[in-house]
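Asks: Give me a 3D structure for the following:
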Amino acid sequence: METPLLLEEHKGTDTVLTRVCLESKKLWKIAGPAIFTAICQYSLGAITQIFAGHLGTVELAAVSIENSVIAGFAFGVMLAEADLKYEDDPLHRALASDWKLNLCWSTNSIKWVSWIPPDDHRIRLNTDGSVQNNRSGYGFIFRDTSGTAIYAVAGCAPLDSLGMGSALETLCGQAFGAGKLRMLGVYMQRSWIILVCTSLLLVPIYVFSPPILKLFGLTTEIADATGKFALWMLPQLFAYALNFPIQKFLQAQRKVMVMAWVSVVVLVLHVLFSWLLILKLGWGLVGAAVTLNLSWWLIIFGQLFYIFLWKSDGAWTGFSSLAFSDLYGFVKLSLASAVMLCLEFWYLMILIVITGHLKNPLVPVDAISICMNINGWDAMIAIGFNAAISVRVSNELGAGNARAAKFAVVVVSVTSVTIGVVCMVLVLTTRDSFPFLFTNNIDVAKEVTNLAILLGFTVLLNSLQPVLSGVAVGAGWQSLVAYINIGCYYIVGLPAGILLGFKFDFGVEGIWGGMIGGILLQTIILVVVTSCTDWNKEAGEAENRVRNWGGSVGED
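Replies: You can find the predicted model right below:
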C-alpha cells in the first residue's frame with residue numbers, strides 16, 4: 001500500500017531547513033487551492049462593494065450591510081448546515097488508508113467515535129444490527145440510506161470534543177473513503193432540499209430588512225436603501241443553497257481545482273459586468289444586484305456542468321428518491337451546529353450594526369465596511385491555513401507522530417504570522433491611498449485612514465487565531481474552543497466595544513477596539529493551550545484508541 005503524502009514521516013537525518021521545506025510543501029498543497037478559491041469567491045462581493053462606493057455613500061452602505069449582515073446571516077446558516085454533510089474529516093483522512101473511522105450514536109446525539117481494523121473478524125452482528133462478541137458489550141451497526149450496512153460500530157470510546165458536527169462530517173468522509181461514491185450524490189441532493197427550505201425560511205429577513213435594520217438603530221435612509229438592494233439579492237440566497245453542497249461534494253473527492261478554475265473565470269466576468277451595468281449603463285444598485293446574482297449562478301452552472309456532463313467518477317448517478325429520507329435527523333443536527341458556528345462567524349459583522357447606532361453613522365458605517373472588506377480578503381489566507389493545519393495535526397496524531405504534529409504547528413504558525421505581518425505593514429503603508437479604491441468621499445477615506453491601525457492589528461491577529469483554531473480542530477478540542485470563543489467574543493469583546501464606543505464616547509474606534517480585545521484574549525488563551533499541550537500524550541491517546549482494536553497506529 002502506498003503511503004499517503006500527509007502520512008510520510010520525517011527522516012531523522014534531515015536538517016531543520018529540509019524539514020521546514022517539506023512541511024511547508026505539504027501545508028501549501030492543502031492551503032493553496034483553498035485560499036485561491038476562497039479569495040475568488042469572496043472577491044465577488046468585495047468588487048461589487050468597490051463599484052457601489054463610486055455611486056455614493058448611501059449605496060456603499062446599502063451594499064455593505066446587505067453583504068455583511070443580511071447575506072452574511074444566510075451565509076453562516078448555509079455554510080454551517082452544508083459543512084455537516086460533506087466535510088472530509090481530518091481524522092478520517094489520517095486513518096482512511098488503514099482504518100475505518102466509525103460512528104456510534106448515543107440516545108439523542110452523536111457522542112462517540114471508535115476505530116475498527118478492516119480485518120477485525122471478532123465482530124458479529126445480530127439480526128437487529130447489534131453487535132455480538134464485543135469486549136465492551138456495547139455497539140451498533142451503521143447503515144446508509146439504502147439500508148446497506150457500511151460498518152459495524154463497537155466498543156465506543158467517549159470523544160465528546162468532536163461534537164455532533166464533526167461526527168457527521170466524518171459520515172461523508174467515510175462514504176468517500178469506503179468507495180460509497182453514489183451516496184455522495186444522494187447526500188448532495190438531500191442538502192439541496194434542506195437548504196432550499198432553509199432559504200424559504202430566510203426570505204422574510206430579506207423582504208422585511210428595512211424595519212429589522214431600523215430596529216437595530218440604522219437610519220431610515222440606509223435601511224431603506226439596504227432593503228431595496230436585499231430584495232434584488234434574493235436569487236443569491238438560493239444560489240447559496242445550491243452552491244455550498246456542491247462545493248462539499250467536490251471537496252470530499254479532492255476536486256478543488258475545478259472550483260478554483262470556475263471561480264477565477266467567473267471573477268473576471270464579474271468585473272466586466274460590474275463595470276458595464278453599474279457604471280457604464282448607470283443601473284446603480286440594480287446593476288450591482290444583477291451582476292452579483294449572475295456571478296453566483298454562473299459558479300453553480302460551471303460546477304454542475306463538470307459534475308453532470310464531464311467527470312463525477314460515479315459519485316453522481318442521477319436524482320434519487322433516497323434524498324428525501326432521514327431529513328429530520330439532518331435538520332436537527334444542522335441547527336445545533338449552525339448556532340455555534342454562526343456565533344463566531346457573525347462577530348465582526350455585528351461591528352457594522354453597532355456602528356449604525358452612532359450619531360451621524362453614515363461615514364463610520366462606510367468606513368468600517370471598507371475595513372471589514374480588506375480584513376475579509378486577508379481572512380481568506382488564514383482560512384486556508386486553518387484547513388491545512390487541521391489536516392496536518394490530525395494526520396500526524398493519528399499516525400502517532402507527536403513530534404511531527406508539533407513541528408507542523410510551529411511551521412504553519414510562523415508562516416501565517418509572517419504573512420500577517422506583511423499584510424499589516426501593507427495596510428499601514430497604503431492607508432492614505434487604498435480607501436479611494438472603495439469610495440470617492442473624502443470624509444469616508446479619512447475615517448478609513450484613521451482606522452488603519454486597528455485594521456492592521458486585526459489583520460495580524462487574524463493571521464494566527466484561525467491557525468490555532470485549526471490546531472484545536474485537528475487535535476479534537478472543538479468543544480473547549482467553542483466555549484473560549486463565546487466567552488471572549490460575547491462576554492468580553494462585545495460588551496467592551498459597546499462600553500468604549502458609547503459610554504466613553506470613543507465612537508467607532510472604541511467599538512472596534514473593544515471587539516479586538518475579545519479576539520486578542522481568545523488568541524492568548526489558544527496560544528497558552530497549544531503551548532502547554534503534551535503532544536506525546538495526544539498521540540498516545542490517538543494510538544490507544546486504535547490499539548483497542550488490535551493494531552498499531554503505524555502499521556500498514
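Asks: Verify the stated contact: Gly520 with Asn462.
Replies: Careful, residue 520 is Leu and not Gly. No: with contact defined as C-beta atoms under 8 Å, Leu520 does not count as touching Asn462 (11.0 Å). For every residue, glycine as well, the C-beta is placed using N, CA and C.
Asks: Those two: which is more packed in?
Replies: Neighbour count, other C-beta atoms under 10 Å: between Leu520 and Asn462, Asn462 has more, with 23 against 17.
Asks: Show the contacting residues for that one.
Replies: By C-beta atoms under 8 Å, 6 or more residues apart in numbering, the residues touching Asn462 are Asn375, Asp378, Ala379, Ala382, Gly420, Ile519.
Asks: got JSON lines for the residues you listed, with secondary structure and distance to Ala260 too?
Replies: Shown next, in JSON lines, are those (DSSP: H, G, I helix; E, B strand; the rest coil; distance: C-beta to C-beta, whole Å):
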{"residue": "Asn375", "secondary structure": "helix", "distance to Ala260": "22"}
{"residue": "Asp378", "secondary structure": "helix", "distance to Ala260": "19"}
{"residue": "Ala379", "secondary structure": "helix", "distance to Ala260": "18"}
{"residue": "Ala382", "secondary structure": "helix", "distance to Ala260": "18"}
{"residue": "Gly420", "secondary structure": "helix", "distance to Ala260": "23"}
{"residue": "Ile519", "secondary structure": "helix", "distance to Ala260": "29"}
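Asks: who wins for most neighbours among these?
Replies: Greatest neighbour count in the contacts of Asn462, by other C-beta under 10 Å, goes to Ala382: 26 neighbours.
Asks: Could you find the closest non-adjacent residue to it?
Replies: With C-beta to C-beta, 6 or more residues apart in numbering as the measure, Pro466 is the residue that lies nearest to Ala382, at 4.0 Å, once sequence neighbours are left out.
Asks: Can you tell me how far the one you found is from Ala223?
Replies: Applying C-beta to C-beta, to the nearest Å, the value for Pro466 to Ala223 is 32 Å.
Asks: How about Gln49?
Replies: Here Gln49 is placed at a distance of 18 Å from Ala223 (C-beta to C-beta).
Asks: Same question for Ser321.
Replies: Remark: distance between Ser321 and Ala223 (C-beta to C-beta) = 44 Å.
Asks: Of the two, which one has the most company?
Replies: Under the neighbour definition other C-beta under 10 Å, Ser321 and Ala223 were set side by side, and Ala223 has more, 23 against 9.
Asks: Next, the contact list for that one, please.
Replies: Counting by C-beta under 8 Å, 6+ apart, Ala223 has contacts Ser209, Pro210, Pro211, Leu213, Lys214.
Asks: so the third one is in which element?
Replies: Under DSSP states H and E, the secondary-structure element containing Pro211 is helix 209-215.
Asks: And the contacts of that helix?
Replies: With C-beta under 8 Å, 6+ apart, helix 209-215 has contacts from 65-66, 69-70, 205, 220, 222-224, 226-227, 230, 356.
Asks: Helix, strand, or coil at Arg431?
Replies: Under the three-state scheme (DSSP: H, G, I helix; E, B strand; the rest coil), Arg431 adopts coil.
Asks: count of residues packed around it?
Replies: By the measure other C-beta under 10 Å, the count of residues near Arg431 is 18.
Asks: I'd like to know how far it sits from Asn450.
Replies: Applying C-beta to C-beta to Arg431 and Asn450 gives a distance of 9 Å.
Asks: same check, this time on Leu304
Replies: Distance of Leu304 to Asn450, given as C-beta to C-beta: 46 Å.
Asks: ok, now Leu500?
Replies: Per C-beta to C-beta, Leu500 is found 15 Å from Asn450.
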